[in-house]
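Student: Predicted coordinates and the sequence they were generated for:
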Amino acid sequence: MTIDSKEGAHNGYLTMGIEKMSQCRGKESSLFYGYIVVGASLVTLSSIWGGYYAFGVFFKPVLHELGWSRAVTAGAFSLASVIHGLLVIAVGGMTDRLGPRIVMSICGSFLGLGFILMSQIRSILHLYLFYGLLVGAGMSGSMVPVMSTVTRWFVKRRGLMTGIAVAGSGIGMLVGPPLASRLVSVYGWRVSYAILGGIVLIVVVLLAQLLKKSPAEIGQVAYGENRAGPQENPAGAEGLSLKEALRSGRFWVFFSTGFSYGYCVFTVMVHLVPHAIDLKLSAHKAASTIAMIGIFSILGKLSLGRAGDAIGSRGTLMIGFILMFMALAGLVPAKTAGMLFFSAGLFGFALGGIAVSHSPIIAELFGLRSHGLIFSVLSINVMIGSAIGPFLSGYLYDVTNSYQTAFLLCTAISAIGAILAASLRMMKH
């Protein structure tokens, strides 16, 4: 064999070897890490919101033992919403700079510790310190870091993947309150809060380690990035800064819908269980109304999230508010278990549609440059609504001895949200 032939054979073997190595690397990288991010986000949000939405289950046992008014007790939830709102901008900015792993580890620690310490409350000061401050601080990482991260991993299928991840909050509604109700019936509310806090602490902190800020961290690109059309991200892959977004009329219309969403959702989540008990439902069946909201919110997030990829997320936001108005209008006269469960299911589906629209709308209108920060500013208005709603509704109950006025006010506020969402949809890019 000549030298040339030997060299040719050697080059042939080398080429074959490189091809085989490339095939192996292709197999190793065939798993798109974005799906792991979505899965971790789903379970994380299930744990966080399962604990948070269980507040209504603990409401009456705490009242019974410690003798406080409904307004004062619900005030701790409102304070948590205020703290959430005050910290969420810092959390959004930290997520853009440091990534979700560090942020969620810190927030998960605060949240779990707050729930654990709730088992030791003896005074109003304890209630407001442990739930209002610690839980509020933990909840500042309940949505923005996770959803901003998922959005960065997908261009195509963004609505669907966002829907799957945010369905975790619906699973939390489905699992958290009934689980808390069972625990309270067996161990009492104090031990139950300690158990709940331990679960949240472990799950959130561990899964935070799986969250990667963006595909670039591990040498991947966002799903569908190379196939994205110009209309899928009008603001560009880089997008607008917060300061630039604040100059947009679309931002302020979108921002205003946040109050309606927060007011209605958290009023219902805090006061629906006590209302159901007032209507002579058992404690377990009353807690199941929250589970009903959870089941249908999952359906809403998945179906309307998928629909958002076709009709646009602003259309999803509008549909969600219209359905929420219908659900609250049905809740006002509801006197039977059947009517309550029907209204709860419709409310959950509407909630899901609105929740799944937020992150994609921000990406669609303002891009990804300051996505976490812009999302956090929207969340402030959501938290303002969630702070005012439960407290004012508790006050209205204390004054009227009924939730009818409180739920009528919710209905009116949801109608305002629907009008704002329709206006946003009609605005041009």
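Tutor: Thanks, I have the structure now.

Student: so Ala167 sits right up against Leu302, yeah?
Tutor: Yes: using C-beta atoms under 8 Å, Ala167 is in contact with Leu302, at 6.0 Å. From N, CA and C alone the C-beta is placed, and that goes for glycine too.

Student: out of the two, which sits in the busier spot?
Tutor: With neighbours defined as other C-beta atoms under 10 Å, Ala167 and Leu302 compare such that Ala167 has more, 27 against 18.

Student: and that one, what pLDDT?
Tutor: pLDDT, Ala167: 86.

Student: Can you tell me the closest non-neighbouring residue to Trp189?
Tutor: Using C-beta to C-beta, 6 or more residues apart in numbering and skipping the chain neighbours, the partner closest in space to Trp189 is Pro61 (4.2 Å).

Student: Give the intersection of the neighbour lists for Ala167 and Leu302.
Tutor: Gly352 (C-beta atoms under 8 Å, 6 or more residues apart in numbering).

Student: that older thread, mind giving me the packing neighbours of the strand or helix carrying the residue nearest to Trp189?
Tutor: Using DSSP states H and E, Pro61 maps to helix 55-66. Helices and strands touching helix 55-66, by 3 or more C-beta pairs under 8 Å, 6 or more residues apart in numbering; DSSP states H and E, are helix 70-98, helix 158-187, helix 189-208, helix 249-278, helix 283-311.

Student: can you pull the buried residues of that helix?
Tutor: Residues of helix 55-66 classed as buried: 55-62 (neighbour count, 16 or more other C-beta atoms under 10 Å).

Student: same question, stretch 82-94
Tutor: So, applying 16+ other C-beta under 10 Å, buried residues of stretch 82-94: 82-85, 87-89, 91-94.

Student: Nearest to Phe266, out of these: which one, please.
Tutor: Comparing those against Phe266 with C-beta to C-beta picks out His84 as the nearest, at 10.5 Å.

Student: Let me know whether that closest one touches Ser142 as I believe.
Tutor: Yes: with contact defined as C-beta under 8 Å, His84 and Ser142 form a contacting pair (7.5 Å).

Student: got the phi/psi numbers for Asn401?
Tutor: Backbone geometry at Asn401, expressed as degrees, to the nearest 10, gives phi 60, psi 30.

Student: Show the pLDDT at it.
Tutor: Asn401 is given a pLDDT of 91.

Student: and if you look at Ile218?
Tutor: pLDDT at Ile218 comes out at 82.

Student: show me what contacts it?
Tutor: Per C-beta under 8 Å, 6+ apart, neighbours of Ile218: 33, 212.

Student: just Ala167 next, same as before
Tutor: 42, 297-298, 301-302, 352.

Student: Same question for Leu299.
Tutor: By C-beta under 8 Å, 6+ apart, the residues touching Leu299 are 348-349, 352.

Student: PyMOL command for the buried members of those?
Tutor: Filtering the contacts of Leu299 down to the buried ones (16+ other C-beta under 10 Å) takes a single PyMOL command:
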select buried, resi 348+349+352
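
Student: Can you lay out the contacts of Leu299 as a markdown table showing secondary structure and pLDDT?
Tutor: Below are the contacts of Leu299 laid out as a markdown table (DSSP: H, G, I helix; E, B strand; the rest coil; pLDDT from 0 to 100):
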| residue | secondary structure | pLDDT |
| --- | --- | --- |
| Gly348 | helix | 92 |
| Phe349 | helix | 94 |
| Gly352 | helix | 87 |
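
Student: What is the nearest of the contacts of Leu299 to Val37?
Tutor: Taking C-beta to C-beta as the measure, Gly352 is the one of the contacts of Leu299 closest to Val37, at 20.3 Å.

Student: Near the nearest residue to that closest one once chain neighbours are set aside, how many other residues are there?
Tutor: Spatially, and ignoring its direct neighbours in sequence, Gly352 is nearest to Gly300 (2.5 Å; C-beta to C-beta, 6+ apart). Neighbour count for Gly300, taken as other C-beta under 10 Å: 31.

Student: Look up how far Ala165 lies from Gly300.
Tutor: Per C-beta to C-beta, to the nearest Å, Gly300 is found 14 Å from Ala165.

Student: can you check Val186 too?
Tutor: The value you get for Val186 to Ala165, if C-beta to C-beta is used, is 32 Å.

Student: Looking at those two, which is more packed in?
Tutor: When Val186 is set against Ala165 and neighbours are counted by other C-beta under 10 Å, the residue ahead is Ala165, at 30 against 9.

Student: Gly114: helix or strand, and which one exactly?
Tutor: Here Gly114 is assigned to helix 100-118, by DSSP H and E.

Student: As PDB, could you dump the C-alpha coordinates of the helix or strand following that helix?
Tutor: Note on helix 100-118: by DSSP H and E, the next helix or strand toward the C-terminus is helix 124-127. Provided in PDB are the C-alpha atoms of helix 124-127 (Å, rounded to 0.1, in the frame of the first residue of the first chain):
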ATOM      1  CA  ILE A 124     -51.800  39.300  66.000                       C
ATOM      2  CA  LEU A 125     -48.200  40.400  65.900                       C
ATOM      3  CA  HIS A 126     -47.100  36.800  65.200                       C
ATOM      4  CA  LEU A 127     -49.700  36.400  62.500                       C
END
